[in-house]
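K.L.:
turn this into a structure:
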Amino acid sequence: MSPRRPRTGSAPRPGRTLWTAPADLDPRVLALTVGDDRYWDSHLLRFDVLGSLGHVEGLRASGLLTGREHAALRAGLRRALRSVERGRLVIGPDQEDAHSAVEGWLTRRLGSTGERLHTGRSRNDQIACDLRLLMKDRLSMIGYGGLAVTAALLEFAHRNERVLWPGYTHTRRAMPSSAGLWAGAFAEGMLDTLEALPGLWRQVDRSPLGSAAGYGVPLPLRRDAAARALGFAGVENNVAAVQNGRGKLEAGALFWCAQLGHEVSRLASDAILFAAEEYGWLVLPATLATGSSIMPHKRNPDLLELARARVAALEGDLAAVLALRARLTSGYHRDFQLLKEPLIRGLGRTIEGLAICGLVVPRLEVDAARGLAALQGGALATDQVMRLVGDGVPFRRAYRQVAAAFRRGEPMPEVPPARIMARRRSAGGLGNPGFGRAWRRWRVVERWLTGERHRFDRALDRLAGPRGRG
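P.N.:
Take a look at the predicted model:
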């Protein structure tokens with residue numbers, strides 16, 4: 001269940017911040033700077049605790065904590081993690097953000113030992129770490145969602161490989177296509193985007209901890225130890241690059257989501273159209289349609305329309321991130337606070353859009369007779385041209401002959417479905433769609449994603465420790 005969104009403008013009480021607020025600070029300063037941050041940070045609480053557990057491992061490796069302090073902080077943070085998971089540790093109205101909620105919770109229980117948690121760390125590298133952990137979690141979820149939709153499309157394509165219907169250019173009937181070729185094209189389009197995930201992942205999979213506010217700290221930090229504990233592949237080397245990269249990773253993640261979303265949107269638009277009464281060769285089951293409050297005959301494709309709308313809204317999230325990071329000087333800016341909303345929302349919209357497709361695609365049905373009937377006429381004109389070419393007529397002359405016959409209203413000769421398929425045997429064509437090649441690509445992505453998710457989960461599980469206590 002999503003965290004409840006608080007009303008904007010309630011100010012934290014002075015003294016409950018991680019910075020020293022003047023006694024006479026205008027309370028509106030806190031109200032306006034906090035804004036909606038508590039709500040969006042509530043999505044990050046779990047990762048803030050996990051990031052702190054990794055930071056503690058780095059402090060211990062750097063010799064900045066005694067064995068007793070390390071054990072106390074680790075045990076306390078593990079209890080905090082279980083409290084987050086049970087809904088007991090939340091961001092209160094008197095706290096600025098996730099960081100103050102977690103540190104305050106820990107310090108109330110561990111006293112001065114809890115106050116050691118922030119050693120060598122700034123909220124700037126802390127939130128950068130939280131967001132990278134969130135992105136790894138959500139991007140892998142999206143990857144699995146994309147794989148599920150791709151598999152459903154390939155299975156649909158295999159079942160309906162020989163179900164013919166028209167293909168379109170300029171939204172006009174063009175040449176014969178099939179349900180299999182149509183679904184296979186979306187599957188391969190999704191694979192193109194899924195295959196780009198490892199490149200994005202490599203950028204996200206670097207720990208920012210130890211960069212502090214963007215210029216490091218005068219302490220002998222073992223940044224590699226914290227990175228390793230959190231399951232990162234390495235560290236973001238240049239400490240100043242961490243803050244300069246804020247917004248860049250978010251934009252990269254949302255652009256990748258938008259590319260995947262465009263497949264979702266076009267698939268939804270096609271399904272909506274092809275299932276309409278005027279077309280009818282695709283059938284949306286009544287169990288997936290909604291009705292009208294006034295027109296009793298309606299079966300509306302609301303699910304698909306909302307999948308398409310989520311993609312449009314996702315593009316707005318990407319635009320917001322790009323606008324926020326543009327034209328800033330180097331270093332940290334409070335502007336970055338507003339990156340969280342479009343990132344978290346856009347990742348969520350992508351997950352939801354894929355979930356809709358994962359629900360609809362396996363249950364789509366076809367009306368083969370309606371599809372075949374729609375091929376009669378102009379959609380077979382090119383087949384007639386190629387028949388004449390096969391008889392030795394030069395292509396351009398054959399084209400003109402068929403065009404003239406079509407203008408005179410002469411019917412195109414009927415072509416049996418088997419012959420339509422047989423004439424299109426080139427690689428990737430209607431009669432040779434090569435679904436096996438797509439499945440091989442699918443398995444490569446699935447193996448990579450499973451390996452990365454396992455590495456990520458294993459590291460976080462080690463940090464979280466044994467369950468069921470505390």
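K.L.:
does L139 count as helix, strand or coil?
P.N.:
Secondary structure for L139, judged by DSSP: H, G, I helix; E, B strand; the rest coil, is helix.
K.L.:
give me every residue that touches it.
P.N.:
Applying Cβ atoms under 8 Å, 6 or more residues apart in numbering, we find L139 in contact with L197, L200, W201, V204, A253, W256, L347. C-beta: built from backbone N, CA, C; applies to glycine.
K.L.:
rebuild the residues you listed as JSON lines, extending it with pLDDT.
P.N.:
Output for these, formatted as JSON lines (pLDDT from 0 to 100):
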{"residue": "L197", "pLDDT": "98"}
{"residue": "L200", "pLDDT": "98"}
{"residue": "W201", "pLDDT": "98"}
{"residue": "V204", "pLDDT": "98"}
{"residue": "A253", "pLDDT": "98"}
{"residue": "W256", "pLDDT": "98"}
{"residue": "L347", "pLDDT": "98"}
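K.L.:
between those residues, which has the most around it?
P.N.:
In terms of neighbour count, A253 stands highest of the contacts of L139 at 27 neighbours, by other Cβ atoms under 10 Å.
K.L.:
in whichever strand or helix holds that one, what's buried?
P.N.:
Assigning secondary structure by DSSP states H and E places A253 in helix 248-274. Going by neighbour count (16 or more other Cβ atoms under 10 Å), the buried part of helix 248-274 is 249-258, 260-265, 267-268, 270-272, 274.
K.L.:
now it, how far from the chain's geometric center?
P.N.:
9 Å (Cα atoms, centre = their mean, to the nearest Å).
K.L.:
next SSE downstream of that helix?
P.N.:
Remark: after helix 248-274, the chain's next helix or strand is strand 282-283, criterion DSSP H and E.
K.L.:
which neighbouring elements make contact with the helix or strand where T450 lies?
P.N.:
Per DSSP H and E, T450 falls inside helix 435-464. Contacting helix 435-464 under the criterion 3 or more Cβ pairs under 8 Å, 6 or more residues apart in numbering; DSSP states H and E are the following elements: helix 45-61, helix 123-159, helix 179-194, helix 197-204, helix 223-229.
K.L.:
next SSE after the second one?
P.N.:
Remark: after helix 123-159, the chain's next helix or strand is strand 164-169, criterion DSSP H and E.
K.L.:
next, the angle from that following strand to helix 248-274.
P.N.:
Angle, strand 164-169 to helix 248-274, by axes from the mean of the first three to the mean of the last three Cα atoms, to 10 degrees: 130 degrees.
K.L.:
just checking: what are the partner strands of strand 164-169?
P.N.:
As defined by DSSP bridges, the strand partners of strand 164-169 come to strand 172-178 (antiparallel).
K.L.:
show residues contacting the partner strand.
P.N.:
With contacts defined as Cβ under 8 Å, 6+ apart, strand 172-178 is touched by 160-168, 374-375, 377-380, 382-383, 420, 424, 430.
K.L.:
at 10 Å instead, please
P.N.:
The contact list for strand 172-178 (Cβ atoms under 10 Å, 6 or more residues apart in numbering) reads 157, 160-169, 184-185, 366, 368, 371-372, 374-383, 415, 417, 420-421, 423-424, 430-431, 433.
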